[in-house]
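> Pasted the sequence and its predicted model underneath.
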Amino acid sequence: MRQPLSPQSGANKSRRVELHIPAEPEWVGVARLTAAGIASRLDFSIEDLEDLKLAVAEACNCCIQNGGDGDLSMACELQSDHIAIAVERRGALAKPGARQPASGDDAELGGLGVFLIRALMDDVVYSSDQTGTRLTLIKRLGK
Amino acid sequence: MDIKVDVRQTDGASGVSVVDLNGEIDVYTSPKVKETITDLIDKGHYSLVINLENVRYIDSTGLGVLIGGLKRVREHSGTVHLVCTNPQIKKIFDITGLAKIFGIFDSEQAACASL
């Protein structure tokens, strides 16, 4: 096992890892575990890593639910004091009516997922339009 | 990454159904949990204890399934109690406000006793 990167090591270096997976529910677990593995290179607590796993999974869920015609891509960038994770699915959003929620409960899920992301991450940028859905999550060390 | 779902009835006349979940409840596995809970409610079981003791992870789709189950049993004056001691999972219930909606207990015995 390699030692975690300390905030001081390679202070100005960024380390970027990209993952491309099918936009299907069974692949979301791969994204969240990959993100946690990469984040563990910094000195995050176990609780922070668990938060990150959940936030990444919710971001993937959001991209899948919004529809589109592309794969899911996740880009993790390690900086000395934070990790930035961009989750994206390109392609047109599902047309209104094309993926109607089965019930009122399901209709609330997207909102609950985004709420969780915002509660667990330090910064979140979310955009969704006809070109795709993108979420960038930032988690800082020691917050 | 999978979920194991078992259902059993408690002893006695109280008619409590206990759903034991073991694994991870996410967008992939939550349909299996939903199917089990829906099936129980369709069969007239309105007092449910859902045991999350062996659940390592839950996301919003899993929370949605639990909320959906609670809404349905409440239509029949029933309720859903949860057994959970995992601090990370309890935290998710706290920050979403769901800890105030569900009864969350440290043991199955306590959850069943309060139904």
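Thanks, I have the structure now. Numbers count the residues shown, from 1 in each chain, chains lettered A, B, ... in the order given.
> any idea which helix or strand carries the residue lying closest to residue B:98 once chain neighbours are set aside?
Leaving out its chain neighbours, the residue that sits closest to residue B:98 by C-beta to C-beta, 6 or more residues apart in numbering or on different chains is residue B:63, at 6.4 Å. Placement of C-beta: from N, CA and C, glycine included. When elements are assigned from DSSP states H and E, residue B:63 belongs to helix B:60-74.
> where do the strands sit along chain B?
B:3-9, B:17-25, B:47-58, B:79-83, B:103-105 (DSSP state E).
> what residues does chain B put near chain A?
Counting by C-beta under 8 Å from any C-beta of the partner chain, the residues of chain B close to chain A are B:1, B:24, B:26-28, B:57, B:59-61, B:63-64, B:67-68, B:71, B:88, B:92, B:95-96.
> Quick one: end-to-end length of stretch B:18-31, please.
One end of stretch B:18-31 to the other measures 18 Å (C-alpha to C-alpha, to the nearest Å).
> nope, stretch A:17-36 is what I meant
End-to-end span of stretch A:17-36 (C-alpha to C-alpha): 12 Å.
> how about it against chain B, any contact?
Yes: Stretch A:17-36 reaches chain B (C-beta under 8 Å from any C-beta) through A:25, A:26, A:28, A:29.
> now those: which count as buried?
A:25, A:28, A:29 (16 or more other C-beta atoms under 10 Å in any protein chain shown).
> The residues you listed in helices, which ones?
A:28, A:29 (DSSP state H).
> With pLDDT and distance to residue A:129 added, can I get the buried ones among the residues of stretch A:17-36 next to chain B in CSV?
Below are those laid out as CSV (pLDDT from 0 to 100; distance: C-beta to C-beta, whole Å):
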residue, pLDDT, distance to residue A:129
A:25, 95, 23
A:28, 96, 22
A:29, 95, 28
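> Would you confirm that residue A:41 contacts residue A:78?
Yes: contact between residue A:41 and residue A:78 holds when scored by C-beta atoms under 8 Å: they sit 6.0 Å apart.
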